[in-house]
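K.L.:
here is my input, please return the structure:
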Amino acid sequence: MTRTVLGDELHLPSGSTAADGFDTLITPEVAGWSHSSLRTFTLGRGEERTVPTAGEEMFVVPLAGSGAVTLGSTTFELRGRSGVFAGPTDVVYLPVDAEVTVRGEGRFALTGARTDQQLPFRYAPATDVPVELRGAGQASRQVRNFGTVGVFETASLIACEVITPNGNWSSYPAHKHDTAGPHESELEEIYYFEIAASPHGTPGIGYHRTSTSEAGEIDVLVEVRDRDTVLVPFGWHGPCMAAPGHDMYYLNVMAGPGPERAWRITDHPEQAWVRETWADQSIDARLGGQ
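P.N.:
Below you'll find the predicted structure:
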């Protein structure tokens, strides 16, 4: 084993990293790694926030609400959405070494990755986001690939959203991407969760698991609640379990040291067989599957 990380270092409850006007502030320094970052912030009616990207490329992702993003003389309007369970959203890509203004009303995420490559300021509408139905049966989930490889060009940053209906498992079979090679990428990963409340308004819960791989010793099995974050520096990660009665959303942010922007994974050898069962099962009808 080359590294050892304790589970309580990697589960960051809602509000525990709030700083500098951000509801969530996870820089590479906060995470204890080198590449991936996440920030969330809230704007009231008529408010705005200046975002200096410095050495990071970023996506502005509306979590709930809408707004506008301005760089120089260019402004992109974000239609946004009422909340993360309402469907995909439009996003705006921010280049490195820029000072951007975000105006609007609602909650926004900034997914980030360090890079020295300069790419243009761009907008992607929600209608261009590929929506993938992955798995089957109780492993059914919806993946919104707004910032994945082959969908949107970035230098290093990979980002997507996952919806797991209540009672289902996602990030399953457990998998890893912590060893560079032809069959696997080396990527740091952030899971930012939003958990739906019950019909009675009581708070929701879910669970996340990360376990030891050849890259290091790690043991995470945590109850996650609305707006919690879990860091995955290495290791087998999954499943993410949505408790009955509580739909689960998570925003994934990934980046790593490799010269190629790629998402290649290895399934846990004890769980890989699960994929073979999907051919004989339907996708959960709550996701629109047949």
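
K.L.:
residue contacts, the closest residue to A272 other than its chain neighbours?
P.N.:
In space, and not counting its chain neighbours, A272 is closest to P173: 5.5 Å by CB to CB, 6 or more residues apart in numbering. Every C-beta, even on glycine, is put in place using the N, C-alpha and C of the backbone. With contacts defined as CB atoms under 8 Å, 6 or more residues apart in numbering, P173 is in contact with G238, P239, D267, H268, Q271, A272, W273, V274, R275.

K.L.:
can you turn the buried part of these into a ChimeraX selection?
P.N.:
Applying 16 or more other CB atoms under 10 Å to the contacts of P173 leaves a buried subset, and the ChimeraX line that selects it is:
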select :238,239,267,268,274
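
K.L.:
possible to save the contacts of P173 as a markdown table with distance to S37, pLDDT and secondary structure?
P.N.:
Output for these, formatted as a markdown table (distance: CB to CB, whole Å; pLDDT from 0 to 100; DSSP: H, G, I helix; E, B strand; the rest coil):
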| residue | distance to S37 | pLDDT | secondary structure |
| --- | --- | --- | --- |
| G238 | 22 | 97 | strand |
| P239 | 25 | 98 | strand |
| D267 | 27 | 98 | strand |
| H268 | 27 | 98 | coil |
| Q271 | 30 | 97 | coil |
| A272 | 31 | 97 | coil |
| W273 | 35 | 97 | coil |
| V274 | 32 | 97 | helix |
| R275 | 31 | 96 | helix |
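
K.L.:
make a markdown table from the contacts of P173 and add distance to N166 to it.
P.N.:
What follows is the contacts of P173, written out as a markdown table (distance: CB to CB, whole Å):
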| residue | distance to N166 |
| --- | --- |
| G238 | 17 |
| P239 | 14 |
| D267 | 25 |
| H268 | 24 |
| Q271 | 22 |
| A272 | 26 |
| W273 | 25 |
| V274 | 20 |
| R275 | 23 |
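
K.L.:
ok, the residue nearest to A272 to P269 distance?
P.N.:
Distance of P173 to P269, computed by CB to CB, to the nearest Å: 9 Å.

K.L.:
ok, the closest residue to R81 other than its chain neighbours - contacts?
P.N.:
The shortest distance from R81 to any non-neighbouring residue, by CB to CB, 6+ apart, is to T89 (4.9 Å). Shown in contact with T89 (CB under 8 Å, 6+ apart): V61, P62, L78, R79, G80, R81, A126, V129, F146.

K.L.:
now which of the residues you listed would you call buried?
P.N.:
In terms of neighbour count (16+ other CB under 10 Å), the buried residues within those are V61, P62, L78, G80, R81, A126, V129, F146.

K.L.:
contacting residues around the spatially closest residue to the last one that is not a sequence neighbour?
P.N.:
Spelled out, it's F146. Excluding the flanking residues, the one nearest F146 by CB to CB, 6+ apart is V129, at 4.5 Å. Counting by CB under 8 Å, 6+ apart, V129 makes contact with P88, T89, D90, R144, N145, F146, V151.

K.L.:
mind checking pLDDT for V129?
P.N.:
Looking at V129, its pLDDT is 98.

K.L.:
against G87, how distant is it?
P.N.:
Distance from V129 to G87, counting by CB to CB: 9 Å.

K.L.:
so where's the stretch 1-150 of the chain uncertain?
P.N.:
1-3, 5-7 (pLDDT under 70).

K.L.:
quick check: phi and psi at the closest residue to A279 other than its chain neighbours.
P.N.:
Excluding its sequence neighbours, the residue lying closest to A279 (CB to CB, 6+ apart) is A136, at 7.8 Å. The phi/psi pair for A136 (degrees, to the nearest 10) reads phi -170, psi 170.
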